[in-house]
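*Asks:* this one's sequence-less:
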């Protein structure tokens, strides 16, 4: 199975000093990893078990117990999956979730009419045949282009915020989780049939938005190994596809990859590159150092606001707030709209607005040397919004950590009895609910938040030096932002420790 | 392997995984339901649903829990046939108790299933209860299990606990309403009615209870030795004003001191509850016990209930 | 879209980075230590009697404040269904039955042992913030039903605020030093 009959031997990676500085080339270090990534069946093999798992979750949500903390759909998706995603997968392995994500499985299958193989088009016969030819691959379905106005993550921002407004429902009710996850399957499939390649993932999927933002911090990346090879390359298989790999399904140009944000780690470019020049690197934390637009900065504001709001609602002692969020049971519409309005106002107006004013203050404090002008406010704003990437990520980890420590025993219980039907597969169905070292929680949270603040300050200082070169200007520009960042963390400390 | 056959293998594997993910749990469930049981054992699952206020035989799951009102189970067991009764809860902690059949009390933890095997040795109709307070419908969360000889038609179902939902959905009287009206509402809404009966007439059977049935409350005016309707009125007015003690020495009600001490005794029972004495000391605990209402009902609300009970005519023949 | 300069900040002398980080961490430790030391003295111990009402989904009082060394006497009631009261860090797990005069007391470190008691007494021997959580599934939001026991002096708070301040000031100091050096 390892070699297709007509497949040419894989080109050997160029040895030598071409590895980028500060990076460890995992394909050079572990050739088996490269071998695996180059298999046509690689993604199929990792998605399929996950697809089975998520179908099982949906089935459990429908036919298993309505008790959320005893149904695998709640416990595995919102406790285990979420925790792994935010505190392990994203910070260390970038968007590897997208590699194994089952939601686009059916859509992509319909689009490619292939699970494993590539539909390469003979350049001479490009015109004829069924389906649509894009680059050197043939696709089925409509394959429309996504509207330019929506080619950003605004839709994901609003979608994620809207979804998270109802977190008290899908975190606790299997049926609501079924609706959320089921809709992801349906919407992904429909959009795959209408729009080209992974349009759904790039521009619509609500999970994708935060993955893209926080993958900037990740310690793994897919990158071209040697930029000179890309420069002289005329094949552009990574973009156009080839008989070994589909053209980048994520609609990006792999050879120009500079940030992790929109790369779904599908490994198609690794296969399609005729020079074997695409690789996976290990890199320092927070290596992608800049935001590209207001949509990305808003993602950061929304994520931080949600971490704050959830810490208040789910980790705080205030029962009336839980009642407000728990609209389906308590029916307190006035309370729900107060909560939802406050959340949306915080995420979309108050936090960005405050941030904007503070950035403006810093910019005017910095001034401009005679004969020059200060950098545009947008540049300063986006530069100083980047610190919210590490801060937001670590705040989310700090929020998720105690949920895992406290509810870990539910994982053991549903492992033995996923549907709450009275099974005891591994003799753990009745283990007592026991929080694991819950008294360490405040210390862990303080350490995590201080780590986040450290990286935030480091990022802010870098942008300050870039935007306001020369002596004390950087300091004056950054000081108000640094104090604001500190203030935000102080707010978290008050919640977690106070 | 050629492209085509690889693709075919992938498609087949996909179909297999999907079928397994959806089918395997149901297959395993069928298998494990009877695992370890003697052959021929029937399996009955009773799931507690707090919002419906019933133990139900129907499957309660994520898909139907939020939209269905589940009816009370009335299982029919066969004399001498072993039956596995699986007790489950779909929301909060309940306790299943059918003392006459020797089942329970079994704590039903949400999402866990407890199983017990019964082999009924006498025919008849036997009540079951929920004995962990599980919300307002709790007091009506009763039903019965019929046991019949093999091959015989089931006896017609007796009316199960009164149409309980009407009680807790009774509209609250307005703030200015008379105290007795509030008392009546509490009597219904808090579920007193489900054991002490409509109009406080009592009569609900309490298995192995020294006095047999739950006592009637309609006669408390007699217990307080208030035989004249005017005296009852005076006492109710005093309660509405806030205190019965204030009446001491200022009323011509005969034996008022007895009325007062009875009033305090009744209050104490409502506040602190009482344990139902066993008829047969070696038998099971009677399922119905007077709960502890202190902290759940204010002093004012307890007075309201007492005022309401005072206005009830004593049961006929008392 | 304006023509924002999208390049990452130009490569810098890594040694200077290390220097700034060192300054930040130094300040963090110093200020954190100061915060911890200044975090308040112990109060003379006293006995506190508190009645806790559990309901879907929270406790009344939501937050219990005591001082280290205090004797805490807790009584319980539930205003709706069966709830738990699992106190982190104090090896207590109470089951609160509505409409019953007693509660079940368990110590998670001694599984299998259950006592029926009217009152739970313990000495607040560890300082800090401890949450009490519902340990009996009590409805949809059960996993988030919690309250807080704060045992003073809760020195982690001033210590962490100190570390936070140290980190921010240290970061700015590092930036100032780098500015001077790059000028020089």
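*Replies:* That came through, no problem. Everything numeric in this text was worked out from a predicted model, so none of it was measured.
*Asks:* who touches residue C:77 in this structure?
*Replies:* Counting by C-beta atoms under 8 Å, 6 or more residues apart in numbering or on different chains, residue C:77 touches B:294-296, C:51-54, C:96, C:98. C-beta here means a position set from N, CA and C on the backbone, and glycine is covered the same way.
*Asks:* Leaving out sequence neighbours, find the closest residue to residue 171.
*Replies:* No chain specified, so I'll use chain A. Counting by C-beta to C-beta, 6 or more residues apart in numbering or on different chains, the nearest residue to residue A:171 once its immediate chain neighbours are dropped is residue A:78, at 5.2 Å.
*Asks:* meant chain C, my bad for not saying
*Replies:* Nearest residue to residue C:171, sequence neighbours excluded (C-beta to C-beta, 6+ apart): residue A:457, at 3.7 Å.
*Asks:* Surely the one you found touches residue A:484?
*Replies:* No - contact between residue A:457 and residue A:484 fails when scored by C-beta atoms under 8 Å: they sit 11.4 Å apart.
*Asks:* Stretch A:284-299: how far from the chain's middle?
*Replies:* 12 Å (C-alpha atoms, centre = their mean, to the nearest Å).
*Asks:* I should have written stretch A:400-416 there, sorry.
*Replies:* Distance, centroid of stretch A:400-416 to centroid of chain: 23 Å (C-alpha atoms, centre = their mean).
*Asks:* which element is the residue most central in space within chain C on?
*Replies:* Nearest to the mean C-alpha position of chain C, counting by C-alpha atoms, centre = their mean, stands residue C:129 at 3.7 Å. For residue C:129, the host element (DSSP states H and E) is strand C:128-133.
*Asks:* got the contact list for that strand?
*Replies:* Identification of contacts with strand C:128-133 by C-beta under 8 Å, 6+ apart yields A:317, A:406, A:435, A:438-439, A:441-442, A:496-498, C:59, C:84-90, C:145-151, C:154, C:156.
*Asks:* Keep only those of those residues that are in strands.
*Replies:* Counting by DSSP state E, the contacts of strand C:128-133 place C:59, C:84-87, C:146-151 in strands.
*Asks:* Among those, which one lies nearest to chain B?
*Replies:* Chain B lies nearest to residue C:84 out of those, by C-beta to the nearest C-beta, at 9.4 Å.
*Asks:* Quick one: the helices in chain C, in order.
*Replies:* Taking DSSP state H to define them, one finds helices in chain C at C:14-37, C:156-183.
*Asks:* I'd assumed residue B:147 was in a strand, is it?
*Replies:* Yes - counting by DSSP: H, G, I helix; E, B strand; the rest coil, residue B:147 falls inside a strand.
*Asks:* Low-confidence regions, the stretch 151-300 of chain B specifically.
*Replies:* Where the stretch 151-300 of chain B drops to pLDDT under 70, the residues are B:153-166.
*Asks:* let's go with 50 and repeat that
*Replies:* In the prediction, the stretch 151-300 of chain B carries no residues with pLDDT under 50.
*Asks:* Next: chain C.
*Replies:* Scanning chain C for pLDDT under 50 picks out C:1-12, C:14-15.
*Asks:* ok and the residue in it nearest chain A?
*Replies:* For chain C, the residue closest to chain A is residue C:58, as judged by C-beta to the nearest C-beta, at 2.5 Å.
*Asks:* That residue and residue A:319 touch, don't they?
*Replies:* Yes - applying C-beta under 8 Å, one finds residue C:58 in contact with residue A:319, separated by 2.5 Å.
*Asks:* more neighbours, these two?
*Replies:* Taking neighbours as other C-beta atoms under 10 Å in any protein chain shown, residue C:58 and residue A:319 compare with residue C:58 leading, 24 against 21.
*Asks:* All the helices of chain B, residue numbers only.
*Replies:* Going by DSSP H, chain B shows helices at B:3-33, B:165-168, B:179-189, B:192-196, B:220-223, B:229-241, B:256-272, B:299-310.
*Asks:* Nearest approach to chain C belongs to which of the ones you listed?
*Replies:* Evaluated with C-beta to the nearest C-beta, those place helix B:256-272 nearest to chain C, the distance being 6.7 Å.
*Asks:* Now do the closest one: everything it contacts.
*Replies:* Here helix B:256-272 makes contact (C-beta under 8 Å, 6+ apart) with B:220, B:223-226, B:231, B:235, B:244-245, B:247-248, B:253, B:290, B:292-294, B:297, B:302, B:305-306, C:101.
*Asks:* any idea which helix or strand carries residue A:99?
*Replies:* Assigned by DSSP H and E, residue A:99 belongs to helix A:96-100.
*Asks:* Let me fix that, I meant to ask about residue A:58.
*Replies:* Secondary structure from DSSP H and E places residue A:58 in helix A:42-63.
*Asks:* Buried residues of that helix, list them for me.
*Replies:* A:42-44, A:46-48, A:50-63 (16 or more other C-beta atoms under 10 Å in any protein chain shown).
*Asks:* After it, which helix or strand is next?
*Replies:* That would be, after helix A:42-63 and using DSSP H and E, helix A:72-74.
*Asks:* now what about the helix or strand following that next one, what contacts it?
*Replies:* Downstream of helix A:72-74, the first helix or strand assigned by DSSP H and E is helix A:82-84. For helix A:82-84, contacts defined as C-beta under 8 Å, 6+ apart pick out A:400-401, A:403-404.
*Asks:* On the three-state scheme, the nearest residue in space to residue B:113 that is not next to it in sequence is what?
*Replies:* If the residues on either side of it in the chain are set aside, residue B:113 comes closest to residue A:422, at 3.0 Å by C-beta to C-beta, 6+ apart. Recorded secondary structure, residue A:422: coil (three-state DSSP).
*Asks:* contacting residues around residue A:422?
*Replies:* Shown in contact with residue A:422 (C-beta under 8 Å, 6+ apart): A:429, B:32, B:86, B:88, B:112-113, B:115.
*Asks:* same thing with residue A:223?
*Replies:* A:20, A:23, A:257, A:278-279, A:281.
*Asks:* Same question for residue A:474.
*Replies:* Taking C-beta under 8 Å, 6+ apart, we find residue A:474 in contact with A:366, A:461, A:464-465, A:467-468, C:175, C:178-179.
*Asks:* Tell me the one of those residues nearest residue B:215?
*Replies:* Nearest to residue B:215 out of the contacts of residue A:474 is residue A:461 (C-beta to C-beta; 78.7 Å).
*Asks:* so what does the helix or strand where the closest one lies touch, helix or strand wise?
*Replies:* Assigned by DSSP H and E, residue A:461 falls within helix A:441-467. Here helix A:441-467 touches helix A:377-385, helix A:388-416, helix A:473-496, helix C:14-37, strand C:128-133, helix C:156-183, going by 3 or more C-beta pairs under 8 Å, 6 or more residues apart in numbering or on different chains; DSSP states H and E.
*Asks:* Count the neighbours of the residue of chain C at minimum distance from chain B for me.
*Replies:* Here chain C gets closest to chain B at one residue, residue C:99, 3.2 Å apart by C-beta to the nearest C-beta. By other C-beta under 10 Å, 18 other residues sit near residue C:99.
*Asks:* Double-check it against residue B:273; I have them as touching.
*Replies:* Yes - the pair residue C:99 / residue B:273 is scored as a contact, 7.0 Å apart, by C-beta under 8 Å.
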